[in-house]
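J.: just a sequence and a predicted model for now, questions to come.
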2 protein chains.
Amino acid sequence: MKFGLRHIRYFIAVAEELHFRRAAERLGIAQPALSRAIRYLEKELGVDLFVRSNRSVAITAAGQTFFDGCLTIVNSVAHVVENTRRVNQGQIGVLRIGYTDTAISGVLPGQLKAFQDQQPGVVLQPHHDVTNTQLQKLDQGVLDFGFVTGPINRSGYEQCPVQSERFVCVVYEAHPLAARKSIRMEEISGEDFVHGSSKDWQQFYSYLFPLCRRSGFEPRIVQEAYNTAGILGLVASGMGVTILTDNVRNSIVPGLVILDFEDVDENLQTMAVWRSDVMSGSKKLFVGFLRDDPLELS
Amino acid sequence: MKFGLRHIRYFIAVAEELHFRRAAERLGIAQPALSRAIRYLEKELGVDLFVRSNRSVAITAAGQTFFDGCLTIVNSVAHVVENTRRVNQGQIGVLRIGYTDTAISGVLPGQLKAFQDQQPGVVLQPHHDVTNTQLQKLDQGVLDFGFVTGPINRSGYEQCPVQSERFVCVVYEAHPLAARKSIRMEEISGEDFVHGSSKDWQQFYSYLFPLCRRSGFEPRIVQEAYNTAGILGLVASGMGVTILTDNVRNSIVPGLVILDFEDVDENLQTMAVWRSDVMSGSKKLFVGFLRDDPLELS
DNA sequence: AATAATTGATGCTAAAAGGGTATCATGAAA
DNA sequence: TTTCATGATACCCTTTTAGCATCAATTATT
C-alpha cells in the first residue's frame, strides 16, 4: 500500500462525481493529474475501480467497496485529529486528584464541580489520601494533583492555596467551657485531648503542636481516631476535647459545642500541589483554573 | 489535514520505538528525514506529539491519543484494501439469481450449494420468477443470472446448459393408461389436459405444443394452475392428465402415475443466462463454475 | 575535569512525486 | 459527416521528500 490520503480524497471525489473533469475542479487540480492519480491507485491496488467508456465513468463493485471504506477512513482521520487536538488543549483528559479529609469537607467539592462544569470532557478521579501519601503518589506520577495540608517545600513542585481555615475548639455540651462563645488557648492547657492517629495526622500536628507550645503547654492526647467523624464522636461521648478547623461547622453533630480561639490568628492552609515538569493539557487547564479562582476564605 | 498515510506510519514507528534513529532504521529511511516528517506532522496538527530531551523521547498525552487513532487508521486501511481486492476477485459479493419452478426442482439447489461451498463469501439471493420475468430483470440489471427454460436468443447475453429433462406424462391412478409403463404421444391426443397458466408457462408451451402437433393433435386444456404443485393436485383429483418433466418424480404425490414417452427424444433444456457486459468478480467466478461443472443429466 | 559517545536538529543537494498546459484518441450527438 | 465532450498522454516545471554531512546538547567514561 504505497498510496496516501491524497489518493483516497481524489478517489472519493471521482466516485461521487463519476466525472473526472468535475472531480478535478472540485479538488482544485487539473484533470490529467487526477487521471494519473486514480490510475496509480488502481495499479497499486491491482483493482479496476472505475470502468471508463469515453463518454461516461462507472464505478465497479470493488470500487464501491473501496469507496465505502474510504469514507470511513477519512472520517476516522478527521475524528482522530479532532480528538488529538482536544486532548492537547486539555478539553479531554484524566486528572487524578488526591484530597485530605480537611480538603473534602471544605471548598474542594465545589471547586471540582465548578471545573467539571467548565470542562465536561475532563474525567476527574478523586483519591482520598493523607498529605504524605499524596506527595509520594505525586512523585510516582500516580497522582496529577494533591490537595494537602500546609505549604510544602519540594523542588520540582508548584502549589497554590485553595483554602484557609481558622482553628476551633470542639467540646461536649456538659463541659465547663461549653457556655462560652470563644476562649483563649491557654484555657484548655489542662484538658484531655482526642485526636487523629499520629501517623496519618502528622501534617496537622505540625501546625497544632507549635500553637499549643506557644501557649505554654503540650496537649495530652488520651484517645486517637482515624478520621474527623471518629474524633467528633469521641468528643461527643465526653472523652475529651479537640482542636479542628472551622469547617467542622459543616457537619454538625448533636451534643457538641464549637468555640473560636481569641488568641490564634494562624490558619490551616490547604494547598493544591503538582509537579511542574509533566504538563498535559488538562493539567494546564486545571492549574489555570486554580490560579484564576479567587481564594475562598472560610 | 495535509499529512498523509506516510506521516502516520512514520509516527507509529517513532511512538513504538521512542527513538528516532531506531525508528528510522525500521522504516528504512535516514534519521533526519524522520525528524523532519514528525516535526511537519506536529506543525500540521498544532500539537506536540513528543517531548524530546536530547537524550530521550517521551510521548505526550495528545501523542498517545493520536497513536491509538493511528493504529485504527492503518488497520482500517489494510482492511479496506483487503476487502476491495476480495470483491475484485469475486470472493466477496452478491449474486442475484432467478430460477424457474423447473430449475429449482432439479439440479439448481445442489449447484448453488456447491458454489456456496467453494465461495462462502459470496451471498446468493435467489428470486423465483418465470422465464420472461427473469429476462426482463436481467435487462434492467436487477438480476445477475437467470435459470430459465430453453435456449434464449438475445444479443449481449451468454448462456450455458445446466439441466436437460425428459418429458413425462402424469395421469391419475384410475386412468386407463395408469397400468402402462410407457406410452406414445398419440395415445393421449384425446385426453383432457391440465396445465400451467398460459401467460406464465409460455416458454414451456413453446416446447410442448410443437411436440403435440408433431403427433397430430392440439392438446385440449380444461384446467389451469399456477405452479407444478397445483397442476399435480388437479391431475390427482381426476380433472385430466398433464405433461411435465422427469423431475416430478422428486415430488411424489399419492394417486399419480408417471409414464415415459416412447416417441419423444427432445428434452426440456434449463439454461443459465447472464449479460455479457457487466462482469463483477463474483459473476466471473460463477460463470467459471457453471462452465467447469459437467452438465448433469437427469 | 576532560573526553568520547550518543541523540535529535539543521543545512545543503539530489531525486522523486505531483501538478499544469497542450494535445490526442475516441465515441456520442447534431 | 462534423462537432463536441471525455479521459488519456506527452512534456515540462514546482514541490516534496530523502540522503549526507554536520551541529548542539547531554550523558557516560576515563
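T.: Perfect, I can see it now.
J.: C-alpha only now, for contacts and for neighbours.
T.: Will do.
J.: A:Val273 versus the closest residue to DNA strand D within the stretch 101-250 of chain A, what's the distance?
T.: Going by C-alpha to the nearest atom of the strand, DNA strand D is nearest to A:Gly156 of the stretch 101-250 of chain A, at 15.4 Å. In this structure, A:Gly156 and A:Val273 are 10 Å apart, going by C-alpha to C-alpha, to the nearest Å.
J.: who has more neighbours, those two?
T.: Between A:Gly156 and A:Val273, counted using other C-alpha atoms under 10 Å in any protein chain shown, A:Val273 has the larger neighbour count: 25 against 10.
J.: my guess is the more buried one meets A:Val148, correct?
T.: Yes. Assessed by C-alpha atoms under 8 Å, A:Val273 is found in contact with A:Val148 at 7.4 Å.
J.: quick check: phi and psi on the residue in chain A sticking out farthest from the centre?
T.: Relative to the centre of chain A, the most outlying C-alpha is that of A:Asn54, 62.6 Å out, by C-alpha atoms, centre = their mean. The phi/psi pair for A:Asn54 (degrees, to the nearest 10) reads phi -60, psi -20.
J.: pLDDT score for it?
T.: At A:Asn54, the pLDDT value in this model is 81.
J.: now do A:Leu295
T.: We have a pLDDT of 52 for A:Leu295.
J.: please apply the same query to A:Ser76.
T.: pLDDT, A:Ser76: 97.
J.: check contacts around it.
T.: By C-alpha atoms under 8 Å, 6 or more residues apart in numbering or on different chains, A:Ser76 lies in contact with B:Gly69, B:Ile73.
J.: what helix or strand is it located in?
T.: helix A:61-89 (DSSP states H and E).
J.: what distance do you get for the closest residue to A:Glu262 other than its chain neighbours to chain B?
T.: Spatial nearest neighbour of A:Glu262, chain neighbours left out: A:Arg184 (5.3 Å); criterion: C-alpha to C-alpha, 6 or more residues apart in numbering or on different chains. A:Arg184 sits 53 Å away from chain B, going by C-alpha to the nearest C-alpha, to the nearest Å.
J.: so what's the residue count around A:Arg184?
T.: A:Arg184: 15 neighbours (other C-alpha under 10 Å).
J.: likewise A:Pro32?
T.: 12.
J.: over to the one 3 residues further on?
T.: Under the neighbour criterion other C-alpha under 10 Å, A:Ser35 is assigned a count of 17.
J.: state whether it is indeed within a strand.
T.: No. Secondary structure of A:Ser35 (DSSP: H, G, I helix; E, B strand; the rest coil): helix, not part of a strand.
J.: just confirm it contacts A:His19, I think it does.
T.: No. Counting by C-alpha under 8 Å, A:Ser35 stays clear of A:His19, with 10.4 Å between them.
J.: all strands in the stretch 151-298 of chain A, in order from the N-terminus.
T.: Counting by DSSP state E, counting those that start in this stretch, the stretch 151-298 of chain A has strands at residues A:157-172, A:182-183, A:192-196, A:220-225, A:242-245, A:256-261, A:267-275, A:296-297.
J.: got the domain boundaries for chain A?
T.: For chain A, automatic domain parsing gives the domain ranges A:5-89, A:93-162+A:276-297, A:166-268.
J.: those domains: which one's closest to DNA strand C?
T.: domain A:5-89 (3.4 Å).
J.: between the two ends of the closest one, what distance do you get?
T.: End-to-end distance for domain A:5-89, by C-alpha to C-alpha: 26 Å.
J.: and it, how far out from the chain middle?
T.: In terms of C-alpha atoms, centre = their mean, to the nearest Å, the centre of domain A:5-89 is found 43 Å from the chain centre.
J.: where does the one residue sitting closest to the centre of chain A land on pLDDT?
T.: A centroid search over chain A (C-alpha atoms, centre = their mean) returns A:Leu95, at 3.6 Å, as the residue closest to the centre. We note a pLDDT of 96 for A:Leu95 in this prediction.
J.: if I take the helix or strand hosting it and helix B:61-89, what angle do their directions form?
T.: A:Leu95 belongs to strand A:93-99 when assigned by DSSP H and E. Using axes from the mean of the first three to the mean of the last three C-alpha atoms, to 10 degrees, the inter-axis angle of strand A:93-99 relative to helix B:61-89 is 140 degrees.
J.: can you tell me what sits against the next helix or strand along the chain from strand A:93-99?
T.: Later in the chain than strand A:93-99, the nearest helix or strand by DSSP H and E is helix A:101-104. With C-alpha under 8 Å, 6+ apart as the test, helix A:101-104 has contacts from A:His128, A:Val130, A:Phe147, A:Val148, A:Thr149, A:Gln163, A:Asn227, A:Thr228, A:Asn247, A:Thr270.
J.: one more time with 7 Å
T.: A:Phe147, A:Thr270 (C-alpha atoms under 7 Å, 6 or more residues apart in numbering or on different chains).
J.: C-terminal to it, what's the next element?
T.: Next helix or strand after helix A:101-104 toward the C-terminus (DSSP H and E): helix A:108-118.
J.: any idea of the mean pLDDT in that next one?
T.: On average, helix A:108-118 scores 95.
J.: now stretch A:160-167
T.: 92.
J.: bridging across strands, which residues link to the residue nearest to the centre of chain A?
T.: Beta bridges link A:Leu95 to A:Leu124 when assigned by DSSP bridges.
J.: the nearest residue to A:Trp201 once chain neighbours are set aside: neighbouring residues, count only.
T.: Once flanking residues are discounted, A:Trp201 sits nearest to A:Val130: 7.5 Å by C-alpha to C-alpha, 6+ apart. By other C-alpha under 10 Å, 22 other residues sit near A:Val130.
J.: what do you get for the one 10 residues further on?
T.: Summarising burial for A:Gln140: neighbours were counted as other C-alpha under 10 Å, giving 10.
J.: report pLDDT for it.
T.: We have a pLDDT of 86 for A:Gln140.
J.: need the residues of chain A near chain B, please.
T.: A:4-6, A:47, A:61-62, A:65-66, A:69, A:73, A:76-77, A:80, A:84-85, A:87-88, A:280 (C-alpha under 7 Å from any C-alpha of the partner chain).
J.: mind listing the residues bridging to A:Tyr99?
T.: A:Tyr99 forms beta bridges with A:His128, A:Phe147, as assigned by DSSP bridges.
J.: doesn't A:Asp144 make contact with it?
T.: No. Judged on C-alpha atoms under 7 Å, A:Tyr99 makes no contact with A:Asp144 at a distance of 11.4 Å.
J.: shaky segments in the stretch 1-150 of chain A?
T.: Within the stretch 1-150 of chain A, the stretches with pLDDT under 70 are A:1.
J.: for DNA strand D, what are the nearby residues on chain A?
T.: Proximity of chain A to DNA strand D is confined to A:18-21, A:31-33, A:35-36, A:39, A:52-57 under the rule C-alpha under 7 Å from any atom of the strand.
J.: residue contacts, A:Gln119?
T.: By C-alpha under 7 Å, 6+ apart, the contact list for A:Gln119 reads A:Gln91.
J.: what about 10 Å?
T.: Listed by C-alpha atoms under 10 Å, 6 or more residues apart in numbering or on different chains, the contact set of A:Gln119 reads A:Gly90, A:Gln91, A:Ile92, A:Gly93, A:Lys113, A:Ser282, A:Leu285, A:Phe286.
J.: look up phi and psi at it.
T.: Per-residue torsions, A:Gln119: phi -130, psi 70 (degrees, to the nearest 10).
J.: A:Val278 versus that one, what's the distance?
T.: Applying C-alpha to C-alpha, the value for A:Gln119 to A:Val278 is 20 Å.
J.: can you check A:Leu34 too?
T.: Applying C-alpha to C-alpha to A:Leu34 and A:Val278 gives a distance of 46 Å.
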